[in-house]
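*Asks:* Quick one, structure for this:
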Amino acid sequence: MNRPLKITKIGNSAGIVLPKDVLAHLGRNVGDEVAVVLTPNGIELISAEPDFEEQMAAARKVMAERKRALRELAK
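*Replies:* This next block holds a predicted model:
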């Protein structure tokens, strides 16, 4: 799908309105969250996983603590 969406002023910010079929495709409803992924070609909207950021923070902490062991395992 490739359809133009207009950028709208929302207070001091800007936003786009997602049509119902796009929300349905994402499996999201009004009030839910989506994640914006920056890609070489622009952006990608994906369904946000509520625990994803917490999981990534935990993974980064473990990788930092075990950096040396992980480097050895990568050989």
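
*Asks:* Show me where the chain has its strands.
*Replies:* Using DSSP state E, the strands of the chain run over residues 7-10, 13-16, 34-39, 42-47.

*Asks:* out of those, which comes closest to residue 63?
*Replies:* With C-beta to C-beta, the closest approach to residue 63 among these belongs to strand 34-39: 20.7 Å. Heads up, the C-betas are built off the backbone N, CA and C, glycines and all.

*Asks:* ok and the closest one relative to strand 42-47, angle-wise?
*Replies:* Orientation of strand 34-39 against strand 42-47 (axes from the mean of the first three to the mean of the last three C-alpha atoms, to 10 degrees) gives an angle of 150 degrees.

*Asks:* List the buried residues in strand 34-39.
*Replies:* For strand 34-39, the neighbour count (16 or more other C-beta atoms under 10 Å) marks no residue as buried.

*Asks:* returning to what we had before: what would the strands of the chain look like in TSV with mean pLDDT and distance to residue 53?
*Replies:* TSV is the format used below for the strands of the chain (pLDDT from 0 to 100; distance: least, C-beta to C-beta, whole Å):
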stretch	mean pLDDT	distance to residue 53
strand 7-10	95	24
strand 13-16	94	21
strand 34-39	89	9
strand 42-47	86	13
